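K.L.:
next one to model:
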Amino acid sequence: MVHAFADSGNATNKESKTESKWKEIIHLLEEQAELERAQRELFIAIACSNYDHLVQCFKHAAKTSNHSLPVANPMDALQELVHEKEKQAEAVRAELDETIHVFNECIAETEAKRVEAVHLSSQVDDSCRRLQNVEKAEEASDIDSSALEADMLAMIREITAQDIALLLNSHVPTETSLVVVKALSLLCGVVPRGRRNATEYTDVEWWKTAQALLMDRSLLRRLRGYRQQTISPDVMAKVRRECLKTPAFAACSAAFKDSRAAFMNNNNEGGERSLNSRIPPAETLRGNIVGILATWVQGVEIEYKARSERQVLVERKRQLETALTMAREKQQHANFEAQVEARSLPARQEEVEAVRAQSSAAEKELEVAKKRLNTYKLLNYAALSGHTPLTFACAVGNEAIVHMLISHGASSGHQFEEQSLCASFIQVLVRDYQFRKKFERERRQQELSAGGIKLRSDAATEALVRNVAHAFIVGHYKRKLFHFRQTHRVALHEAILNGYPEIAAILLSKEAKVWQKTYVLPERVYPGALLEKLAPISPQAHDVVKRRGKWKLQPLASDQKKSQGDPGNSVEIDYQRPMTVTDTLNCALKYYDNRLFKATTGWEPPDVTFYSSTADFVNDALAKMETTRHQWQKELAIRRNVMRKTAELKEKHTALEAAIISRDFVKVSSLLDDGAFADFETSEGALSALMAACIEEVYVENEDGKDVLAVEYLLDRVMNRPLVNYESSHGATPLGTSAFYGTLKCAQVLIERGANPNLAARLNGRTALMAAADNGKEDFVRFLLAYSEVDVYLHDSKGKTALDYAQTRGFVKIAGILEAAMGGSRGRVVSTISGLYGGCKWGCGFMTQFEDHLVKQAKVIMDTNPLEIHELHHCPKRHVICPNGCGIEKLWADELKDHLDHSCALRLVSCTNQKCIVRYPFENRAKHLQDECEFRVVVCECGESMTYQRNVLHAKTQCVMRFVPCPLQCFEAETITSDSPQPQIFQLRWQDVKTHVTGDCPHRNVRCRNGCPINDLLLKNRPHHETIVCLLRRVACKWSCQETVIANTQAIHEQDECDLRQLMCPNRCGRNNVPVLQMEEHISTSCSRRLMLCPLGCGRRVPLHTLDMHEAQECRKRTITCGQCQQTMLEEDRATHQSTQCLNRLAVCGLCGQTNLSHVQMGHHRKEECRMRQVTCKYQCFVKLLLAHEKERHEMWECTFRPIWCPLGCGEVFACNTLKRHQRSCPMRFVVCGNGCGEELREKDRVEHERHYCSLNKAQSRISR
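P.N.:
Model prediction:
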C-alpha cells in the first residue's frame, strides 16, 4: 500500500521534497521488515541452538568493552563509522581509477620509447656497417701501399753504381732519360739553381741538376724513403703534366703497362691486391736504370693517390665515428629511458594491485561496518513481545548463546537508550531545582528590598510559564521512559522466572543490576506452557492471549497495591506494578515451583525443588548487595574521619605556608616532622616547600653541620619527604620551577633523586625543557639536553614543542641548541654525584663544574666558573687566530704550531729547490719558482739546462760559448775608434781559450817548486807564492817549540800536537792558561770544581762546590722522617716504607675497590663493611659464594629456600623450591571438569561442580530420567 501511495504521488508530479520523503519512509519500512525477518530467524536459531547460524550472524560483530557507562551512543558511533568507511571506500575507488589511468599512460609511453630505441638501433647498425666498409677500404689501401713499398725496395736494390755511371756518362741524354730525371728531381725536391720560376729552366739545367742528384750518396736513401716524403699537390701536378703525360715517358713505361695487363689476365676475379698498386717485377728491369727510375716515379704517383684516398677515408671515418657516437648516445639514452619505463611497469602494476587491494579492503571494511551496525540493531531491537535476542536466550536457558550475545554487544542490564532517557530526565529535574533555588533567592531579595511586600513582576510570569513547560517536558520524558520499559523485557527477570541461576550469575557479572525492576510481566518458556496459569491478570489480556496465542506483551502498572486483609499490611504479589527480583522469584515459586524426580533416585527431598538453586542465588545476590551497602557506609565514615584530621592539619599548614613564604626551610622541616603535608601548596602561587627551595640556590646547614642546598635538605629527609615529581594545582613541578628560574644545582639534585625530566604537567602538558626554553634559560636547556632520556619532541596540550617556545620568544641560541639536539647533537654536561659538571666545549676531554659557589655558614660568598676559565685560557682545543694574519680564525690551540708549520698561506717556507735558502710566504711560491728563485731551471745559449744561479755563473765562467778575455791578459786590443778613450780587452770564445793559453799566450803558467799541486802560477808570481802563499812552505810554531811545521798543518800542530800549548780547565773553574803537561795535576789537586766522593756513602762523585746541597737534599743515604707515622729512615728506604711498612699508609680494598682506607682499617673494612665480602644466606641454601651487596636481593628473590606465599591464593607459606610440588596438590589450582564438559575451575570446587553443576552430569541425569 505504501509503495502504491508513493507511485501515485509520483504520478501526480508532486514536489521533489515530498518524493524524497516518501522514498525515505519506504526505505525505513523496508529496513524494519528486514530487521524483523532477521530477528525471527535469530529467535529460531536460539530456540534450536543453531550455533552455525549464530556464528555466521555475529561473524563481523565488534567485541564489547567491560565498562558500564558508555560515553557515546553506540548506534551513533557505528553509523559514523559506516559513513567514514563509505568516504574511505569512495576515496580509494577514485585513487584506483587514477592509478589505472597513470598505468595506461605509462604503458603507452614505454611502447613509444621502445619504438624509438629500435629505430635508433637500426641507425647505429647502418652507421657501423658503413664505418666497417670505410675501415676495410683503408686497411686495403694500407696493404697495397705496403706491397708496393716491398716491390719498390726490391726494384731499388737492382740499381748499381755501374748503371748510374752509364747514365751519367751520356753527354747528350735522350728525351726519355731527360723526362725521367726531371720527374725524379721534382719528386726529390731538387731544382736547378739561380732562377725563381721553375718553368724557365732549360733541359741542360735539368740534366745538370739530375747529374748532381745521381752523384749524391743519399740518392738511394731518398728513393727508399719515398713514403716519408711530403709532396705538395703543385709538384705532383707539374710531374703529371710535364713528365708522365709526355710520349717520351710513355715509351719507357711500356714494361709497367705490360705488368698491369698480365696482372689483369691472371686476376680476373679481383684478387687480394689492387690493380693500381702493381709495378713490373724487378727482374724485368734489371740493368735498365731509366726504366727503374720511371717505375719509381710511377710508384710514387701511385702512393700519392693512395695517400689522398686514405686521407679522404680518414675524414669519412671521422665523420662516421662522430655520427656513430652521437647515435649511440641517443640509443643508450633511449634504451635507458625504455628500460626505466619498462622497469617501472611492475612498480606501476604493484601500485595498481596495492590500490586495488586497498579498494577491496575498504569495501570489506565498509561491509563489515554495515554488518556491525545491523548486528547492533538486531541485538537491541525489541520484538512486539518485548523480547530481545538476549532476553529470549535467557528465557530459553542457553548459557553459551547468552555468552555469545553479551560478548557481541547485547546489553545485560539497562540499555543505552534507557540510560539516556534517565539521564535526560534527571538533567531536567536538576535544572528545574537549580532554577527554583535561584528564583527563590531573587524573590527573597526583592521582598527584603521592598519591605516584605510581595511584588509580582515579569520574572514571576516567566517562572510560571517555565513551570508549565517543565511539567510538560517532565511528563514527556516520563511517558517515553515508561513506554520503553513497558515494551522491553529484562533479561535477569526472564532468567529467574525460568529457573536459570547460572544465566542470572552471568548477567550480574556482565553489568546487570540486581535491583533492576521489570515493567513487563516475565514469561515461563517451556513446551506446553499456558499463560492463563500465571497470576491474576486482566480479563482483557486473557482474551487477547486466547485469540492471538502466546508470546504476547503484558505491561505492568506503576501503582503499588497492598493487600487489605493482611494484618501485617505486607506487600503481596501485585501484577499491576513493576516487579523486583524478589517479586519475580516469589511469582516463580508460587506458580511454577515443584519437586524434582530422578529416574535413578526417585523423588528429591521436599526442600529441594526446581527453584531451590534459583532462590539461593537470588538470596545470595541480595545479601551481597546489602553487604556492599554497609561497606559504602563504612567508607563514608572513614571519609568523615579523614575530614576531621584534615581540619587538625589546617593550623599546621598555615604555619607551613608562612615558613614557605619566608623561605625558612629549617622551620619547614620541623613542621614536616610534626606531620604537616610535605607537598602542601600556598594559597597564592600554589608553591610547595620543594618548589620554593627551587626558586633560588639557598644553602641550609644540615644535622651534620654541612652546608647543603635547601632542595637537598628537604629531599634527604628520612620520613615525610616531599615528592620529587609532585605537580601543583597550577601545573607546576619542582623541576619546572627550577627551569623557570634557571637554578641548575637544584635541578641537578632533583634529577639525582628521581625527578623525571620528561614529566609533563597535566594542566598544560609543559615539561621542564619547555619552561627553560620559554624563559630564555640557555644553560638550563644545555643541562637538560645532556640527559639522553630527555625527549625534545614532546608536545604540550597546545601542540607546541620546546623549539616552538624558543622561536616564539626570539631566543635564537636556544632554538639552535634545540635544533641541533633534534638532529642528534647533544650537549656536554655530565651528571655526577658531586654536582653539575660539564665537558670542555672544545672537546679536549677536560671535565669540571660549570658554576661553583664558595659557601660559608649557609651563605654564598663568591661565584666561580671553572669550566669557562679553562675554555678561555687553558684548553688545547680552544679556537685561536693565526698570528700570521692568514684569515683563519678558528684554529685549535694545539694545532697552531702545526698550522704555522704546514698549512698557513702566509707561513715562511723554504724553496723546493734544495740549494735555495730563500724563505718566502707560501702564497708567493709560484712567483718565486718562476721568476725569483736562483736555482730555477733555464736553458743556456750552449744548449745546456741548469739552474738560474748556476746559469749566471755558467754564462760567466763555464759556458763554452761565452766571450772571455785572455786569462793571462797577454795584451790589450787597440781602440775601435779614436773617440773611445778606454781600450777594449781582447775577448774570445771559451772553447778557444785552451789553445790560446797553452800555445800562444806569453803569460803561461808554471809549477811551484815546493811540491804543492798548484801548477797555474805566473812566472813573475812564483817567488811570492813559494814564500807566502804555498801550503807546503815551512813556518814557525807560535808556542816556540822549535819543530819544523808545514803551513797546511800549522793549526793542527798548534791545537793538538805541540807540548807547549796552553788549554782551558775542562771543569770550567776559571783558568784558561793551564799547560797541557800540568793539566792532570790541576784537575786532581787544585781545581775548585773537582769531583769528590760523597761522605755519606751513597757512592756518587759530586762537584766540590755542590757537595753540601747533595748531602742535604739529594743523597739517598740521608736520614728523613715519614710524614704519616713519624718514623725515621733513610731516603732510599722511603718508597718501601710508604708502600709496605707504614701503618698509616693509604690502601685500596682489593675486593670492592674502595680507596682512601688506611692500612690499620683494612681488616675491619673487609670483615664488616666491604660490599664484596663473602657472606652466608640466612636460609642456609646451597649458594656458598654470596657477596654482601647481593645478599638482600638473593634472600628476597633468588634463594630457593626462601619462604613464599602460594601464588594461587590458598594462603599457605612454603619454601620456594617446593612450589611445583605444592602447585600439583594445591586446592586452588585450576583443573578441567572430569566429566568432560570442558569447564575450567579450581580443585576445591571440582567435586561440587561435577556433582551439581556440570552440564554433562545434568544431561546424563535428564537422559536417565
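K.L.:
what are the ranges of the helices in the stretch 451-600 of the chain?
P.N.:
458-485, 491-497, 501-509, 539-548, 581-591 (DSSP state H, counting those that start in this stretch).
K.L.:
take the ones you listed and lay them out in JSON lines including mean pLDDT and mean neighbour count.
P.N.:
Backbone N, C-alpha and C define where each C-beta goes, glycine included. Formatted as JSON lines, the helices of the stretch 451-600 of the chain follow (pLDDT from 0 to 100; neighbours: other Cβ atoms under 10 Å):
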{"stretch": "helix 458-485", "mean pLDDT": "84", "mean neighbour count": "13"}
{"stretch": "helix 491-497", "mean pLDDT": "89", "mean neighbour count": "30"}
{"stretch": "helix 501-509", "mean pLDDT": "89", "mean neighbour count": "20"}
{"stretch": "helix 539-548", "mean pLDDT": "50", "mean neighbour count": "12"}
{"stretch": "helix 581-591", "mean pLDDT": "87", "mean neighbour count": "19"}
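K.L.:
so which of those helices gets nearest L213?
P.N.:
Taking Cβ to Cβ, helix 501-509 is the member of the helices of the stretch 451-600 of the chain nearest to L213, at 133.0 Å.
K.L.:
run the angle between that closest one and helix 581-591 for me.
P.N.:
Interaxial angle, helix 501-509 versus helix 581-591 (axes from the mean of the first three to the mean of the last three Cα atoms, to 10 degrees): 170 degrees.
K.L.:
mind checking the helices of the stretch 451-600 of the chain for the one nearest to R1145?
P.N.:
So among the helices of the stretch 451-600 of the chain, helix 501-509 is nearest, using Cβ to Cβ, at 74.7 Å.
K.L.:
pull the CA atoms of that closest one into CSV?
P.N.:
Taking Å, rounded to 0.1, in the frame of the first residue of the first chain, the C-alpha atoms of helix 501-509 are listed here in CSV:
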residue,chain,number,x,y,z
PRO,A,501,20.6,-19.2,38.1
GLU,A,502,23.7,-19.8,36.1
ILE,A,503,22.5,-17.4,33.4
ALA,A,504,21.5,-14.9,36.1
ALA,A,505,25.0,-15.1,37.5
ILE,A,506,26.4,-14.4,34.0
LEU,A,507,24.2,-11.4,33.7
LEU,A,508,25.2,-10.0,37.1
SER,A,509,28.9,-10.4,36.1
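K.L.:
list of residues touching that helix?
P.N.:
Helix 501-509 is contacted from outside by 394, 397, 399, 402-403, 406, 412-413, 491-492, 495-496, 514, 613-614, 616-618, 621, 1253, using Cβ atoms under 8 Å, 6 or more residues apart in numbering.
K.L.:
can you say which of those residues are buried?
P.N.:
394, 397, 399, 402, 406, 412-413, 491-492, 495-496, 514, 613-614, 617-618, 621, 1253 (16 or more other Cβ atoms under 10 Å).
K.L.:
please name the bridge partners of F1230.
P.N.:
R1242 (DSSP bridges).
K.L.:
how close does it sit to L81?
P.N.:
38 Å (Cβ to Cβ, to the nearest Å).
K.L.:
next: E1250.
P.N.:
Distance from E1250 to L81, by Cβ to Cβ: 46 Å.
K.L.:
then V749?
P.N.:
Distance from V749 to L81, by Cβ to Cβ: 52 Å.
K.L.:
and those two? Which one has more around it.
P.N.:
V749 (28 against 18; other Cβ atoms under 10 Å).
K.L.:
give me the element that one is part of.
P.N.:
helix 744-752 (DSSP states H and E).
K.L.:
check which element follows the helix ranked longest in the chain along the chain.
P.N.:
If you go by DSSP state H, the chain has its longest helix at helix 289-380. Downstream of helix 289-380, the first helix or strand assigned by DSSP H and E is helix 389-396.
K.L.:
can I get whatever helix or strand comes next after that following helix in PDB? Just the C-alpha atoms.
P.N.:
As assigned by DSSP H and E, the chain's next helix or strand after helix 389-396 is helix 399-407. Output of helix 399-407 as PDB, limited to C-alpha atoms (Å, rounded to 0.1, in the frame of the first residue of the first chain):
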ATOM      1  CA  GLU A 399      24.300 -20.300  28.500                       C
ATOM      2  CA  ALA A 400      26.600 -20.400  25.500                       C
ATOM      3  CA  ILE A 401      24.300 -18.300  23.400                       C
ATOM      4  CA  VAL A 402      24.000 -15.800  26.300                       C
ATOM      5  CA  HIS A 403      27.700 -15.600  26.500                       C
ATOM      6  CA  MET A 404      27.900 -15.100  22.700                       C
ATOM      7  CA  LEU A 405      25.200 -12.400  22.700                       C
ATOM      8  CA  ILE A 406      26.700 -10.400  25.600                       C
ATOM      9  CA  SER A 407      30.200 -10.600  24.100                       C
END
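K.L.:
burial measure for the closest residue in space to H1025 that isn't next to it in sequence, as a count.
P.N.:
Closest residue to H1025 apart from its sequence neighbours, by Cβ to Cβ, 6 or more residues apart in numbering: L1017 at 5.5 Å. Neighbourhood size, L1017 [other Cβ under 10 Å]: 21.
K.L.:
hmm, L1017 is touching C1008, no?
P.N.:
Yes: the pair L1017 / C1008 is scored as a contact, 6.1 Å apart, by Cβ atoms under 8 Å.
K.L.:
joint contacts of the two?
P.N.:
H1025.
K.L.:
okay, and the beta partners of the residue nearest to H1025?
P.N.:
Here L1017, judged by DSSP bridges, has bridge partners V1006.
K.L.:
distance check, it against G1236.
P.N.:
141 Å.
K.L.:
re the thing from before, for the helix or strand following the helix holding V749, buried residues please.
P.N.:
Following helix 744-752 in sequence order, the next helix or strand is helix 768-774 (DSSP H and E). Buried residues in helix 768-774, counted by 16+ other Cβ under 10 Å: A768, L769, M770, A771, A772, A773, D774.
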